[in-house]
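Model the following, please.
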Amino acid sequence: MPALGKLALAAAVLLTAACGAPPPAPAPLGAAAGWSPAPVVPLPSQPPPSLVVDAPLPEQLVMGLVVLRYRAENLRIVPVYGPAALDVSPRIGHVHVTVDDAAWHWADGSGEPLIIQSLPAGPHKVWIGLADPTHKILDEKTVNFVVPVHSGHH
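You can find the predicted model right below:
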């Protein structure tokens with residue numbers, strides 16, 4: 001048999017064996033390198049959402065600029081609000097932010113780092129609440145930090 005014929009026969013045997021073998025078991029959700037499922041199809045069940053917040057970036061804090069990076073796990077941050085959005089899957093929401101126990105807060109649906117400027121030198125705290133589309137808080141974190149005395153302003 002010519003070499004090309006043997007190669008074709010080997011490929012046919014491999015293809016037949018592969019097609020007759022049972023498909024591999026699907027990897028559990030989030031198993032591939034720590035990734036969560038692709039947010040393109042409804043999920044039959046979802047783990048509870050959680051919030052992760054980093055400490056302020058020290059280089060910017062020295063300049064009087066507070067930069068807080070955060071991320072939501074098991075929830076996508078988007079600017080969509082209202083009761084109808086509770087049925088969206090995978091789950092969506094936004095964050096609420098309060099600085100230094102103010103009587104008010106703001107909501108953010110960008111998912112971008114929080115940037116706060118012009119805080120006076122001294123201790124401060126920022127409360128971040130992970131909220132569903134109806135503003136119900138699902139998880140929360142408080143970040144305490146000290147803005148050092150600095151010259152100039154940002």
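
hey, let's count contacts and neighbours off CA atoms from now on
Fine.

Distance of residue 149 relative to residue 139?
Counting by C-alpha to C-alpha, to the nearest Å, the separation of residue 149 from residue 139 is 32 Å.

Could you pull out the helices in the protein for me?
For the chain, helices defined by DSSP state H occupy the ranges 3-20, 58-61.

that older thread, so for residue 149 and residue 139, which sits in the more crowded spot?
Neighbours were counted for residue 149 and for residue 139 using other C-alpha atoms under 10 Å; residue 139 has more, 17 against 13.

quick one, what contacts that one?
Listed by C-alpha atoms under 8 Å, 6 or more residues apart in numbering, the contact set of residue 139 reads 49-51, 129-131.

Just the pLDDT for it.
Predicted confidence (pLDDT) for residue 139: 98.

what's across from it in the sheet?
Beta-bridge partners of residue 139, counted by DSSP bridges, are residue 130.

cool, residue 67 as well?
residue 115.

wouldn't it be in contact with residue 57 here?
Yes - using C-alpha atoms under 8 Å, residue 67 and residue 57 qualify as a contacting pair, with a distance of 5.9 Å.

Who has more neighbours out of those two?
Taking other C-alpha under 10 Å, residue 67 and residue 57 do not tie; residue 67 has more neighbours (19 against 13).

What distance do you get for the more buried one to residue 117?
9 Å.

cool, and residue 131?
Relative to residue 117, residue 131 is positioned 24 Å away (criterion: C-alpha to C-alpha).

Least confident secondary structure element in the protein?
helix 3-20 (a mean of 45; mean pLDDT, DSSP states H and E).

Residue 78 against residue 92, yeah?
Yes - Residue 78 is within contact range of residue 92, at 6.4 Å (criterion: C-alpha under 8 Å).
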